[in-house]
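[1] sequence and predicted structure, then a few things I'm wondering about:
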Amino acid sequence: MKYTRLAAVVLAGSVFAGCASTAGNTAAGTGIGAALGAGVGALIGDNSKSAAIGAGIGAVAGAITGYNWDRIVGKVDETGSKIGVSTTKMPDGSLKVNFPEGATFDTGSAQLKSTAYPVLDALASEMTAAPTLRVKVIGHTDNKGTAKLNQKLSESRAQSVVSYLATKGVDGSRAMTEGRGFNDPIADNGTEEGRAQNRRVEVYLYAVQQ
């Protein structure tokens, strides 16, 4: 397995080098590198700490381009900091908005709580004002319960977020969802504190060339 992972990393690096040489210093090159970065990150180790080395959002349609996130970061801080919502500017140029479970859903539920509305309203407002923006929502759970149950819950929670954004004018063609169940922990599932951190929804905003 170690040799397989190493070979895959080397191959990905070779492909990226080839792409970069033909793409030049363009946003397309950045997008290709981000997508490969996510793949390489997923190969190195077994959790999202390694996957975070890469894009986080994985492969997307269109080349990722630059975007000034300062305004939306300010809005998220204003509307969500008190409920634990945080932002991270990712290496690939996207913006991750992390929602802890308590800010979005009751335990075991995919019914979006009203506490999340102000933050999601801010994200929707930014997206309607900027046609180049896209969003990917990823649901995560802890490891309590069966893999099948947690996978379904993570998918349903991601879809609930996208459905709410749609009510605020974000067209479904600009949104993607993914459920990762308990397969992508960021903390130790052996402790209650760790499980609480793992129960989350990550919203990735990114801009594409048009």
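    Okay, I see it. Here the structure is a predicted model, which means the values were calculated and not measured.

[2] and stretch 68-79, how far out from the chain middle?
    17 Å (CA atoms, centre = their mean, to the nearest Å).

[3] where in the chain is pLDDT low?
    1-63 (pLDDT under 70).

[4] what segments of it are helices?
    Along the chain, counting by DSSP state H, helices occupy 2-23, 27-43, 48-51, 70-80, 101-104, 117-129, 147-167, 192-198.

[5] so what's Gln197 up against?
    Listed by CB atoms under 8 Å, 6 or more residues apart in numbering, the contact set of Gln197 reads 100, 186-187. Where C-beta positions appear, they are placed from N, C-alpha and C, glycine not excepted.

[6] now, of these, which are buried?
    Among the contacts of Gln197, the ones that count as buried by 16 or more other CB atoms under 10 Å are 100, 186-187.

[7] if we can go back for a sec, just checking, which of the contacts of Gln197 belong to strands?
    Using DSSP state E, the subset of the contacts of Gln197 located in strands is Pro100.

[8] redo the contacts of Gln197 as a markdown table? Include distance to Val119.
    Converted to a markdown table, the contacts of Gln197 look like this (distance: CB to CB, whole Å):
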| residue | distance to Val119 |
| --- | --- |
| Pro100 | 12 |
| Ile186 | 20 |
| Ala187 | 22 |
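
[9] can you give me the end-to-end distance of stretch 159-176?
    Across stretch 159-176, the terminal residues are separated by 9 Å (CA to CA, to the nearest Å).

[10] and the contacts of it?
    Outside stretch 159-176, the residues that touch it by CB under 8 Å, 6+ apart are 60, 99, 104-105, 110-112, 116-117, 120-121, 123-125, 127-128, 133-137, 177, 201, 203.

[11] give the buried subset of the residues you listed as a PyMOL selection command.
    Applying 16+ other CB under 10 Å to those leaves a buried subset, and the PyMOL line that selects it is:
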select buried, resi 60+99+104+105+110+112+116+120+123+124+127+133+134+135+136+137+177+201+203
